[in-house]
Structures are given as structure tokens and as C-alpha cells.
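>>> I'll drop the sequence and a predicted model, then ask my questions.
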Amino acid sequence: MSTEPTLEDRFVGCLLGLAVGDALGAHFEGQPVAFMERKYRSARQLIHSPPPGELWYTDDTQMAIGVAETLVRCGEVDFDVLCERFAANFLPQRGYGRGARIVLEAMGAGHDHKYLAENLFPGGSFGNGAAMRVAPVGVMFRDDPSAVWKQAHTSALPTHVHPLGIEGAQVLALAVALASQGEELNRESYFETLAERCGAPEYSGALRRAARLDTVRDLGLFGNGIEATASVVTAIAAFGLTPDSYGETIGNAILLGGDTDTIAAMAGAISGAYLGVGAIPSDLLAKLEDRKQGKSYIEQLARDLYGAYEAARGLPTKD
Ligand code: F2R
Ligand code: MG
Ligand code: MG
């Protein structure tokens, strides 16, 4: 790290890092890795020559906004407030998962969305939708890993009740919390701390393998899919490979193809929490959409979240 970011910089870096990763990755969501390899030689090339025009974020950021708004309002994840925020923010054109979209439409219409979340898929959804939006929980509860785990669990439930969908969110939130601590990354202990918390071998085993990852060529072994088990550890591993570069972290995640917006959103949130907002390339940030709930709104929301964090710790808040 060149200059040490403040904790507030890390909160802003986390939320804007998520949004920029999502919005850049969205250009390539669903593309096969072979397409990405033909188009870009390296992560640096992608970051320095992004697609032209504004960067529009997707459901990943839209739902993370709902999580952050709930935390600012309630100081914790309140299930009913979170559902209300998800429904109020729902914009189908942001591109939601098949099941998530049905659940969110039911929330907005006052229908039995809990029944749908439990029954649309056998055992509930194990998609990565709970993990892609959970980063605000990680920074808010960064001082207490047990609280991170518990709050991330509640934040998943409106749409994802499958144990693997829930645990994906818990692991990602804890990855953000640990990254925000302001200590130089010790890869071995970072991945081991995460693995030790996990109940599912799908996560603990992959996290222990990710601790030993030493070349970007093998990043794809962790998956590039829409399932939480095929994307959450991939995002954390992308961060672990290049902890000192936000651009390379999201670039490497996007070059995998597949669920590029979501893997880059998750990796970008962790990297932003570690390096602070100053590490996000300014030309990418300048391209992020800035109407309504765009860049300025997200930045202020992150600052308000930091204020809520300070208030919860009994620290004096800024006006
Ligand atoms: N959905 C997309 N992108 C595709 C199209 C976007 C397009 N541009 C558009 O405009 O429409 N992206 C977003 O979805 C992912 C997050 O999904 P989430 O919220 O987890 O949704 P869902 O439906 O709950 O789960 C996703 C799929 O996973 C499979 N699945 C889940 N649980 C399952 C189970 N128990 N058994 C079998 N399959 C299960 C299903 O295929 C679900 O549809 C992110 O990529 C986000 O960016
Ligand atoms: Mg998306
Ligand atoms: Mg996606």
C-alpha cells in the first residue's frame, strides 16, 4: 500500500469498489473464457482500455445498496426493512437471477415471498445473489467476526435460504471484514481464518487451496459460475493473488468469463475495503453512472454507513 487509507476511505472503497467491479464486469457477463482471452491479453489491458461509454451497474450493486440502506437506518440487518428496501429499489432492467426476480416481484406486490424463497428451488437458492450484495455487512461489523457471520445470515434470508447460498454470503462478508482491518495481508492466516469459520467443505477446502494459489492461470479452477460455490472463493482468491492492485484484482476476475459482474463485484468490494477508494482507477470511477442511485449516492451511502458504524461503537459522529 502506498498511502494508508482512513477507515472511512475503506468503507467508500468497499461500496464503490463493488459497483465499479460489477459495472465493468457486466459488459462481459456470460461470455466464455475463450472470448475474454481473445479480446484481452491481460488484466492491465482490460483496465486501461475498458469498453467505451458509461459503466452501468447491475443487480449486485442495486441490492448491496438495499443492504447498506438497511444498516444505516437500523444499525443491523432487520429482515422486514431489508425486504422493503429490496422491493423499493427493484429495477428489472438491472438483470436479476431467475428466482430472485420472482421473489422480489412478490415482495413488491405484497405476496408470500417467504414461501417462494423457500420453494422456488429445492432447499432454496444456492445462487451467489446473497454473497454479491453482502459487503456492507462486512465493513459494518468488522470488529466482531461472530456478528459478521450472524448478520450475513439474516441478510441472505429474503432470497437465499439454501445453506450454501447463506454460507457464501457469510464467507464473503468475513473476507471484507478482515480486509478492512488495515493490516498488511498475511495470505495464509487470512484464508485459514475464513476456512475455520466454514461448515461446508465446499468452502473450507477451496479456501485452503486458494491460500496456496500462486498463478493467475489457476484462478479459474475455483469456478466462474452463478452458484455461490463456483464464485465466492474465486473472488476471494482473485483478491489474494493481487492484494495491492484493485485494477488487477477485478481485471483477473473478469478475464475468467462467466459470472463476471458478480465475481468482480465481490473481489472489488474486498479490494476496496483493503486499499481504500484511492486505489480504484480514477478513469473507471469517472465512467460509473451517476444518476439517482449512482456514484454520488453510493459514495454518500458509504459515508453514512461509516457514520452508523462509528455511532454503534459510541464514537462521536461528524455532522
Ligand atoms: N441473472 C443474472 N444475469 C443473467 C442475465 C442478465 C441479463 N442481462 C438480463 O438483463 O436479464 N445475473 C444476476 O444473477 C446472479 C445472482 O443470482 P441470484 O440472486 O442468486 O438468483 P437465483 O435465481 O436465486 O439463483 C441463480 C441461479 O442459480 C441456480 N440455482 C440456485 N439455487 C438452485 C437450486 N437449489 N437448485 C438448482 N439450481 C439452483 C438457478 O439456475 C438460479 O436461477 C448474479 O450473477 C447476478 O449478477
Ligand atoms: Mg448482476
Ligand atoms: Mg452476475
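Received it, and whenever you're ready, just let me know what you need. Ligands and ions are numbered 1, 2, ... in the order given.
>>> His162 touches Gly129, doesn't it?
No - contact criterion C-beta atoms under 8 Å: His162 and Gly129 do not qualify, at 10.8 Å. To be clear about C-beta, it is placed using only N, CA and C from the backbone, and glycine gets the same treatment.
>>> the two: which has the busier surroundings?
Gly129 (28 against 21; other C-beta atoms under 10 Å).
>>> in contact with Arg44, which residues?
Listed by C-beta atoms under 8 Å, 6 or more residues apart in numbering, the contact set of Arg44 reads Gly247, Glu248, Gly251.
>>> 7 Å instead?
Glu248, Gly251 (C-beta atoms under 7 Å, 6 or more residues apart in numbering).
>>> show the subsequent helix or strand relative to whichever strand or helix holds it.
In the assignment (DSSP states H and E), Arg44 maps to helix 43-48. Scanning forward in sequence from helix 43-48 by DSSP H and E, the next helix or strand is helix 59-74.
>>> not counting its own residues, what contacts that next one?
15, 18-19, 22, 77-78, 81-82, 85-86, 89, 91, 94-96, 132-137, 140, 155, 261-262, 265, 293, 298, 301, 304-305, 308.
>>> check stretch 272-292 too.
Here stretch 272-292 makes contact (C-beta under 7 Å, 6+ apart) with 1, 5, 9-10, 12-14, 16-20, 23-24, 47, 50, 54-57, 138-139, 176, 179-180, 185, 243, 246-247, 294-296.
>>> going through those, which ones are buried?
5, 9-10, 12-14, 16-20, 23-24, 47, 50, 55-57, 138-139, 176, 179-180, 185, 243, 246-247, 294-295 (16 or more other C-beta atoms under 10 Å).
>>> ok, the residue in the stretch 201-319 of the chain that ligand 2 sits nearest to - how many residues close by?
Residue of the stretch 201-319 of the chain nearest ligand 2, by C-beta to the ion: Asp261 (4.3 Å). For Asp261, the count of nearby residues is 26 (other C-beta under 10 Å).
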